[in-house]
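Asker: sequence? don't have it. structure:
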Ligand code: 13P
């Protein structure tokens, strides 16, 4: 199966960069390429979809969605149906930056996953432990707690779970292959036990680059990677995609 390479641009980019980068990606030959998903800031999504990626296989992810399902008086929010309208296929939910900087908790995130399912979007749910839980050995319990809310969702659908240890995000300090494999196997067992009837794809994220991506993707049960910093430069990101 083709690996999934998701670029999380976070709050980066301006129109000139989007134009330049996406025009470049759109011209790359599609054969033998991984499945590429670009998680762009909301404002650029329609532009990217309708102008730059019209004839491309590249898919778009949003970086978040509202936990409110229906339209209404929720100033500043964007819901799943709006994203679907804009041509979005995937949505990142529960990135550690949103959990820590914006105070998102498990209950909110479960609403978001449910809303993504109901809107026909595939959620990319991020889980991962802080350094303290890695150091004191409680990291698997920490991740299990993050996953546990999923059991409250009635109509479960295809989902992507990204393991992103907080201490490896933007630090250049990547988890070892043994550490990644242990957690991916743990998440895989957890999910297969409860949701074996849907398609579950597991990603790793945290300081992924063109040097380490080959080894990560060779691990068992890894369906792809979630790339932050190295997705912001066309040359770096193309080098990652070419390593597949
Ligand atoms: P870096 O690749 O910059 O470590 O970021 C990872 C990330 O947060 C992707 O969502």
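Answerer: Okay, I see it. All figures in this text were calculated on a predicted structure; none of them were measured in a lab.

Asker: pretty sure residue 142 contacts residue 129?
Answerer: Yes - between residue 142 and residue 129 there is a contact under C-beta atoms under 8 Å: 4.4 Å. (Each C-beta comes from the backbone N, C-alpha and C, glycine too.)

Asker: for whichever residue of the chain sits closest to the ligand, what are its contacts?
Answerer: Residue of the chain nearest the ligand, by C-beta to the nearest ligand atom: residue 228 (2.2 Å). Applying C-beta atoms under 8 Å, 6 or more residues apart in numbering to residue 228 gives the contacts 8, 10, 169, 170, 205, 208.

Asker: Could you report the pLDDT at the nearest residue to residue 60 once chain neighbours are set aside?
Answerer: Distances taken as C-beta to C-beta, 6 or more residues apart in numbering put residue 88 closest to residue 60, at 5.1 Å, once the chain neighbours are dropped. Listed pLDDT for residue 88 reads 97.

Asker: Who are the contact partners of residue 88?
Answerer: 45, 49, 60, 61, 62, 121.

Asker: Tell me which residue of this protein is furthest from the middle?
Answerer: What lies farthest from the middle of the chain is residue 73; by C-alpha atoms, centre = their mean that is 28.1 Å.

Asker: Confirm that that residue sits in a strand.
Answerer: No - assessed with DSSP: H, G, I helix; E, B strand; the rest coil, residue 73 is coil; it does not lie in a strand.

Asker: In terms of pLDDT, where does it sit?
Answerer: Looking at residue 73, its pLDDT stands at 98.

Asker: what two of the contacts of residue 228 are the furthest from one another?
Answerer: 10 and 208 (14.1 Å; C-beta to C-beta).

Asker: Those two - which one has more neighbours?
Answerer: The residue with more neighbours, out of residue 10 and residue 208, is residue 208; 25 against 18, by other C-beta atoms under 10 Å.

Asker: Can you verify my assumption that that one contacts residue 216?
Answerer: Yes - using C-beta under 8 Å, residue 208 makes contact with residue 216 at a distance of 6.6 Å.

Asker: joint contacts of those two?
Answerer: residue 225.

Asker: For residue 39, grab the count of nearby residues.
Answerer: Neighbour count for residue 39, taken as other C-beta under 10 Å: 26.

Asker: Which of the three states applies to the residue lying closest to it once chain neighbours are set aside?
Answerer: Spatial nearest neighbour of residue 39, excluding adjacent residues (C-beta to C-beta, 6+ apart): residue 61 at 3.9 Å. What three-state DSSP gives for residue 61 is strand.

Asker: my guess is residue 61 meets residue 38, correct?
Answerer: Yes - taking C-beta under 8 Å as the definition, residue 61 is a contact partner of residue 38 at 6.9 Å.

Asker: what sits in contact with each of these two?
Answerer: Counting by C-beta under 8 Å, 6+ apart, the common neighbours of residue 61 and residue 38 are residue 6.

Asker: Could I get the buried residue list for stretch 113-128?
Answerer: Buried residues in stretch 113-128, counted by 16 or more other C-beta atoms under 10 Å: 113-117, 119, 121-128.

Asker: ends of it, how far apart?
Answerer: 17 Å (C-alpha to C-alpha, to the nearest Å).
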